[in-house]
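> Build the 3D model from these lines:
(chains A and B)
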Amino acid sequence: EAGVAQSPRYKIIEKRQSVAFWCNPISGHATLYWYQQILGQGPKLLIQFQNNGVVDDSQLPKDRFSAERLKGVDSTLKIQPAKLEDSAVYLCASSHVAGAVYNEQFFGPGTRLTVL
Amino acid sequence: KNQVEQSPQSLIILEGKNCTLQCNYTVSPFSNLRWYKQDTGRGPVSLTIMTFSENTKSNGRYTATLDADTKQSSLHITASQLSDSASYICVVPSGNTPLVFGKGTRLSVIA
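I've put the predicted structure just below:
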């Protein structure tokens, strides 16, 4: 079974520039998550999709971050414009169904973003 | 407030030695607790999932314990190997709210 795919693996941009990340979840997984992981911290949920609908985006800075999952499969996360504090690893995860008590999330390798 | 606290923040041990990582949580309601291993530059990978009724669960050289009364969990690594060097993250789901992640313990195993 192929894992969660993410690209690019690394990205360096200057502040105020735009950047986009791509995620392809495990085949058949209805739920997709985007996390932000700052160095030395645990992952923080940015947005959760169930198929192509948003379940939770309460911690997404909507003035600069946006995400979509138009066909309910792969997803993109965009930052526009980037700030220095956006430097982090952006993790994508997927699971079969959200809300199931023992539902396990499978994580991708992440995209390391550096904002200069 | 739902929180997961881990200790120590970092740990260095010699190859072949054992170590124990700690996790305290205040998440409610409680259903299960998960330990993840995160290698540098990789996403977290699940090691164990422990339910309310489980006290101990092993996965190879990794043994997790859970005390639901004191809301504590530990991850014991036996006969450590260089490949065990990673961050170990304790995660507790709470109903339908987002997973609550600890900050992790950074383990370095040296020869």
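> wait, what's in contact with residue 5?
By default, I'm working from chain A. A:23-24, A:108 (CB atoms under 8 Å, 6 or more residues apart in numbering or on different chains). The way it works is simple: take the backbone N, C-alpha and C, and place the C-beta from them, glycine included.
> actually chain B
Counting by CB under 8 Å, 6+ apart, B:Glu5 has contacts B:23-25, B:102.
> repeat that with 10 Å
Neighbour list for B:Glu5: B:22-26, B:72, B:90, B:102-103 [criterion: CB atoms under 10 Å, 6 or more residues apart in numbering or on different chains].
> Could I get the full set of helices for chain B?
Remark: no helices are assigned in chain B by DSSP state H.
> ok, which stretches of it are strands?
Taking DSSP state E to define them, one finds strands in chain B at B:4-7, B:10-14, B:19-25, B:32-38, B:45-51, B:56-59, B:62-67, B:72-77, B:86-94, B:97-101, B:105-110.
> Comparing those by mean pLDDT, which bottoms out?
Lowest mean pLDDT within the strands of chain B: strand B:97-101, at a mean of 80.
> Please name every helix or strand in contact with that strand.
strand A:31-37, strand A:44-50, strand A:53-56, strand B:4-7, strand B:32-38, strand B:86-94 (3 or more CB pairs under 10 Å, 6 or more residues apart in numbering or on different chains; DSSP states H and E).
> Okay, angle between the last one and strand B:45-51 too, please.
Which is strand B:86-94. Strand B:86-94 and strand B:45-51 are oriented at 40 degrees to each other (axes from the mean of the first three to the mean of the last three CA atoms, to 10 degrees).
> Strand B:86-94: how far from the chain's middle?
6 Å (CA atoms, centre = their mean, to the nearest Å).
> Dump it to PDB, restricted to CA.
Extracted as PDB, the C-alpha positions of strand B:86-94 are listed here (Å, rounded to 0.1, in the frame of the first residue of the first chain):
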ATOM      1  CA  ALA B  86      14.100  10.000  16.700                       C
ATOM      2  CA  SER B  87      11.400  12.100  18.300                       C
ATOM      3  CA  TYR B  88       8.700  10.200  20.200                       C
ATOM      4  CA  ILE B  89       5.400  11.900  20.300                       C
ATOM      5  CA  CYS B  90       2.500  11.100  22.600                       C
ATOM      6  CA  VAL B  91      -0.900  11.800  21.100                       C
ATOM      7  CA  VAL B  92      -4.400  11.600  22.700                       C
ATOM      8  CA  PRO B  93      -7.600  12.000  20.700                       C
ATOM      9  CA  SER B  94     -10.600  13.600  22.400                       C
END
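> near chain A, anything from it?
Yes. Strand B:86-94 is in contact with chain A by CB under 10 Å from any CB of the partner chain, via B:87, B:89-91, B:93.
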